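Engineer: quick one: sequence and predicted model below, then my questions.
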Amino acid sequence: MIDWSRVKELQDEVGAEDFGEVVEIFLEEVEGVIEKLESTDRSGLEQDLHFLKGSALNLGFEHFSSLCQEGERMSAQGQAAAVNVPEIIASYQGSKTEFLRDQASHL
């Protein structure tokens with residue numbers, strides 16, 4: 001689920017001192033969009049998934065990013081109602097859990 005080499009690359013880019021703050025901001029921003037996804041309003045789904053895809057790639061959340069990319073593509077093709085939002089949210093939650101649990105052993 002997590003591309004640890006990407007996480008290490010990001011940590012090297014921002015510095016170990018600032019990495020925790022970057023992670024905190026990432027999680028806060030993503031949680032805000034996840035809350036929007038949990039609503040039934042799909043009007044901004046394509047843009048929300050685009051944002052999540054990019055954010056997830058930056059922090060190495062590969063599986064989550066992949067699901068967001070597929071959902072974004074479907075939304076762009078007029079199939080927003082068919083996007084499996086619960087799967088996307090579950091992938092985020094699983095990725096977040098793995099990241100927070102295993103971060104210390106990979107960095």
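Structural biologist: Done, it's in. Numbers count the residues shown, from 1 in each chain.

Engineer: quick one: which helix or strand includes the most centrally placed residue in the chain?
Structural biologist: Central residue of the chain (CA atoms, centre = their mean): Ala56, 3.4 Å from the mean position. According to DSSP states H and E, Ala56 maps onto helix 45-58.

Engineer: can you tell me what sits against that helix?
Structural biologist: The contact list for helix 45-58 (CB atoms under 8 Å, 6 or more residues apart in numbering) reads 6, 10, 26, 29-30, 33-34, 36-37, 62, 64-65, 68-69, 71-72, 75-76, 80, 83, 85, 88, 92, 95. (Glycine included, C-beta is placed from N, CA and C.)

Engineer: among these, which are located in strands?
Structural biologist: Taking DSSP state E, every one of the contacts of helix 45-58 sits outside strands.

Engineer: and these, which of them are buried?
Structural biologist: 10, 26, 30, 33-34, 37, 62, 64-65, 68-69, 71-72, 75, 80, 83, 85, 88, 92, 95 (16 or more other CB atoms under 10 Å).

Engineer: so which residues make contact with stretch 80-89?
Structural biologist: Residues outside stretch 80-89 that contact it (CB under 8 Å, 6+ apart): 34, 37-38, 42, 45-46, 49, 52, 64, 67-68, 71, 74-75.

Engineer: where is pLDDT lowest across those?
Structural biologist: Lowest pLDDT within the contacts of stretch 80-89 is found at Arg42 (78).
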